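Student: Here is a sequence together with a model predicted from it:
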Amino acid sequence: MTDTIDTPATPDVPEDGAEPIIGTETQRSRWSIDIPGVRQADLRAVKWQLYLSLVGLFLGLSMGLLQASDRGDFVLEDVFNRSINLYDAVGLQSYYQGLTIHGVTLALVFTFTFSNAFMSLTTMKSLKRPLASAVLRDASLYLAWTGVALAAWSMLANKATVLFTFYPPLQATPAFYIGAVFLVVSTWCTLANQLLTLRQWRRDGHEGERIPLLAFVSIITEIMWFLASIGIAIEVLVFVLPWSLGLTDSIDPQFTRILFWFTGHPIVYFWLLPVYVSWYLFLPEQAGKARVASDGLVRVVFLAFLLLLPVGIHHQFTDPGIPFTSKTISWMLTFCIFFPSVATFFSVIASLENAGRNRGGKGLLGWIWRLPWGDPAVSGQLLAGIGFILGGVSGLINASYTVNMVVHNTAFIVGHFHLTVGTAVALSIMAICYWLVPYLTGKKLWGRRLAVAQTWLWIGGVFIFSRGQMQGGIAGMPRRTNISAATYVDRFTPPLDGVGNIMKNWDVADGLTALGGTIMFLSGVCFFIVILGTIYSKRQVAEVQRMPVADEPFHPVSQSWPILDRIGLWSAIASGLVLVIYGEVFFHYLPLELIPGGFRVW
Ligand code: HAS
Ligand code: CU
């Protein structure tokens, strides 16, 4: 893969000559230069966005260990007759402060900045040119770092213990919301830059041509997110920030929740789609020089995520003030949005079968063992995909209105999202780092075997963790709760005694959660050892690095409909659907019901 790469045929000459390119012999051997005309500053920006993402991952994983310790507290009490409070040990005020840091750093920082990095890089690669605007590129980078610094300070100082959903009337210090705004605006800068780069590509003799698939999916991902983020932008800029600054003294908690979940659902696809870009277009090549199944299918899948954006009400099935019609529309559309992922399942596995057979795999399933499981960049993504099968199925359980009444706000949901964002996304990103960090630093991957072990450790940990959380959730264990301090937990009646105490004995669920969470943390430690080992390693790659992008699909672009490329048209239709579906929600909800004040608890 990346280390067996040939030198590009054409030298890379910048057209504007504005910035030095990676062109000297020494630089060529150290850096990846498979993007014609790419400037060092472009790759440096990508690298620092990625490093910020990893800072987020590190902080988030550390908090994960504290949460696991909260669940494991009873074991220590039973076995050693002593309790442990890691929160005190690291100087945090409460479980909820740690949980806020966990949610924000993983759900917002890790994912957003990874997108900024990876989607910029894939756009450049696909359009064979550097980013059109150096100003937007740098703005995105500095906004992201500044935003994260502001939010991190607010959370660490316990001035923003509001969890990642920051539901009013919980109130944080203004710096927290300003940090979040900066981070979101950094993603908008990435999109603007992608669009400018696309325009430049068109003007550069590609008028009327089909948009290359990799650029298309990278741009649709960011457009989908841009439209999705309007909800949270209105929530923060119009309501929450002025209220936190003291410019207004009242707020409508339910209305801001609706705005939050308008964004809060599609945000999960903003986490997922960069990974789908990798599963569709990188993994087949990495797994065995295989091809994407169908150009048209991939375009349709990404457009489906754009069009089916307004389903956020499925997070609010139990909320008052939202008519049942809106809830019904939402669960029906949620069942629809299941299908692009089902199509992805079949299509990616077809490519993987192709890869396994290219490597000599025979028989019905023999190709699976022939996949390069010894390559951590591949094993991580394969295991992430396997985890996502269960994550997807549990999503369907959540989406089913009546079943949702049983699992909503329980630990079951936590089990669901650790299989989706915590595995499909997080483990894939870690796996992608195993080729991307060498690509960006020119260093050989250090500790390859440890990296493979890390991917298995993660999936093992997450399966145990999610099993614990889901079991607890079905037995009524609430989510977002400092269980070790909950006075209502009945720890002494054996579970399943047939008279109702199953609801309160969550020992097994807690134990599995603690064990799985600790294994995930250890896996994370292995990941950082490998990444830091690589960055600080002295072993540089001898060859020019290339991105492992799959070749022309089996069903090539010539067989897919040109109308799929009408980005403006699809965005307009998506916006129209948003207006129709959320118009109905707001029509029934308004006028606002403002309540005075805000709270700081914990
Ligand atoms: Fe979800 C709640 C429904 C997908 C994340 N979800 C959450 C929350 C999060 C989250 C974070 O309808 C909690 C938010 C909070 O704090 O309250 N979710 C769904 C549905 C899907 C779904 C129907 N969720 C995701 C993804 C997430 C994510 C993706 C993150 C990235 N979710 C819900 C609902 C709720 C919810 C309700 C609200 C619950 C409540 O009451 O609060 C679907 O999109 C899932 C489709 C997935 C599939 C799987 C396809 C499998 C593939 C794997 C291929 C295999 C490979 C490996 C590559 C159909 C593509 C092959 C390997 C070999 C070796 C062969
Ligand atoms: Cu959702």
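Tutor: Here it is on my side, so go on. Ligands and ions are numbered 1, 2, ... in the order given.

Student: only C-alpha atoms for contact and neighbour calcs from this point on.
Tutor: OK.

Student: List the buried residues in whichever strand or helix holds residue 428.
Tutor: Assigned by DSSP states H and E, residue 428 belongs to helix 426-441. Neighbour counts over helix 426-441 (16 or more other C-alpha atoms under 10 Å) mark 426-441 as buried.

Student: Stretch 440-450 now?
Tutor: Those would be 440-446, 448, for stretch 440-450 by 16+ other C-alpha under 10 Å.

Student: can you check stretch 89-104 too?
Tutor: 92, 94-104.

Student: Just send the residues you listed back as JSON lines, with secondary structure and pLDDT too.
Tutor: What follows is those, written out as JSON lines (DSSP: H, G, I helix; E, B strand; the rest coil; pLDDT from 0 to 100):
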{"residue": "92", "secondary structure": "coil", "pLDDT": "95"}
{"residue": "94", "secondary structure": "coil", "pLDDT": "95"}
{"residue": "95", "secondary structure": "helix", "pLDDT": "95"}
{"residue": "96", "secondary structure": "helix", "pLDDT": "97"}
{"residue": "97", "secondary structure": "helix", "pLDDT": "97"}
{"residue": "98", "secondary structure": "helix", "pLDDT": "97"}
{"residue": "99", "secondary structure": "helix", "pLDDT": "98"}
{"residue": "100", "secondary structure": "helix", "pLDDT": "98"}
{"residue": "101", "secondary structure": "helix", "pLDDT": "98"}
{"residue": "102", "secondary structure": "helix", "pLDDT": "98"}
{"residue": "103", "secondary structure": "helix", "pLDDT": "98"}
{"residue": "104", "secondary structure": "helix", "pLDDT": "98"}
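
Student: show me where this structure has strands.
Tutor: Here the chain has its strands, by DSSP state E, at 250-251, 595-596.

Student: Of the ones you listed, flag the one that's most buried.
Tutor: Of all those, strand 250-251 carries the top mean neighbour count, a mean of 20, counting by mean count of other C-alpha atoms under 10 Å.

Student: which other helices and strands contact that strand?
Tutor: Packing contacts for strand 250-251, counted by 3 or more C-alpha pairs under 8 Å, 6 or more residues apart in numbering; DSSP states H and E, involve strand 595-596.

Student: other SSEs contacting the strand it packs on?
Tutor: Strand 595-596 packs on strand 250-251, going by 3+ C-alpha pairs under 8 Å, 6+ apart.

Student: Residues contacting the strand it packs on, please?
Tutor: Applying C-alpha atoms under 8 Å, 6 or more residues apart in numbering, the contact partners of strand 250-251 are 168-169, 239-240, 243, 593-598.

Student: Same list (these) but as a markdown table, adding distance to ligand 1.
Tutor: Shown next, in a markdown table, are those (distance: C-alpha to the nearest ligand atom, whole Å):
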| residue | distance to ligand 1 |
| --- | --- |
| 168 | 15 |
| 169 | 17 |
| 239 | 21 |
| 240 | 19 |
| 243 | 23 |
| 593 | 23 |
| 594 | 23 |
| 595 | 23 |
| 596 | 25 |
| 597 | 24 |
| 598 | 21 |
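
Student: Just the buried ones from those, in PyMOL syntax?
Tutor: Buried residues among the contacts of strand 250-251 (16+ other C-alpha under 10 Å), as a PyMOL selection:
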select buried, resi 168+169+239+240+243+597+598
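
Student: Closest approach to ligand 1 from the stretch 51-200 of the chain, which residue is it?
Tutor: residue 165 (6.9 Å; C-alpha to the nearest ligand atom).

Student: mind listing what the nearest residue to that residue once chain neighbours are set aside touches?
Tutor: Counting by C-alpha to C-alpha, 6 or more residues apart in numbering, residue 165 lies nearest to residue 260, which is 7.4 Å off, once chain neighbours are set aside. Applying C-alpha under 8 Å, 6+ apart, we find residue 260 in contact with 165, 231-232, 235.

Student: on that earlier part again, now, which of the buried residues of helix 426-441 sits nearest residue 586?
Tutor: residue 426 (34.6 Å; C-alpha to C-alpha).

Student: Tell me the pLDDT of residue 19.
Tutor: According to the prediction, residue 19 has pLDDT 41.

Student: do the one 4 residues further on as well
Tutor: According to the prediction, residue 23 has pLDDT 41.

Student: do the same with the one 10 residues further on
Tutor: Listed pLDDT for residue 33 reads 63.

Student: what pLDDT, on average, does stretch 130-143 get?
Tutor: The pLDDT scores in stretch 130-143 average 97.

Student: Can you list the buried residues in it?
Tutor: So stretch 130-143, judged by 16+ other C-alpha under 10 Å, has buried residues 130-133, 136-143.

Student: now swap in stretch 310-328 and tell me
Tutor: Buried-residue list, stretch 310-328, by 16+ other C-alpha under 10 Å: 310-317, 322-323, 326-328.

Student: Which one of the buried residues of stretch 440-450 is nearest to ligand 1?
Tutor: For the buried residues of stretch 440-450, the nearest to ligand 1 is residue 448 (19.7 Å; C-alpha to the nearest ligand atom).

Student: does the closest one really touch residue 378, like I thought?
Tutor: No. Between residue 448 and residue 378 there is no contact under C-alpha atoms under 8 Å: 11.8 Å.

Student: And stretch 439-447, end to end?
Tutor: This stretch, stretch 439-447, spans 16 Å end to end (C-alpha to C-alpha, to the nearest Å).

Student: okay, and for the stretch 101-250 of the chain, where does confidence drop off?
Tutor: Along the stretch 101-250 of the chain, the model assigns pLDDT under 70 to no residue.

Student: cool, and the chain?
Tutor: Applying pLDDT under 70 to the chain flags residues 1-33, 491-504.

Student: switch the cut-off to 50
Tutor: 1-29 (pLDDT under 50).

Student: Compute the inter-axis angle for the lengthiest helix in it and helix 95-103.
Tutor: Longest helix in the chain, counting residues (DSSP state H): helix 40-80. On the basis of axes from the mean of the first three to the mean of the last three C-alpha atoms, to 10 degrees, helix 40-80 is oriented at 150 degrees to helix 95-103.

Student: tell me what helix 40-80 is packed against?
Tutor: helix 86-89, helix 95-103, helix 111-127, helix 134-156, helix 426-441, helix 507-535.

Student: Quick check: nearest residue in space to the residue most central in space within the chain, chain neighbours excluded?
Tutor: Nearest residue to the geometric centre of the chain (C-alpha atoms, centre = their mean): residue 271, 2.7 Å. Spatial nearest neighbour of residue 271, excluding adjacent residues (C-alpha to C-alpha, 6+ apart): residue 111 at 5.7 Å.
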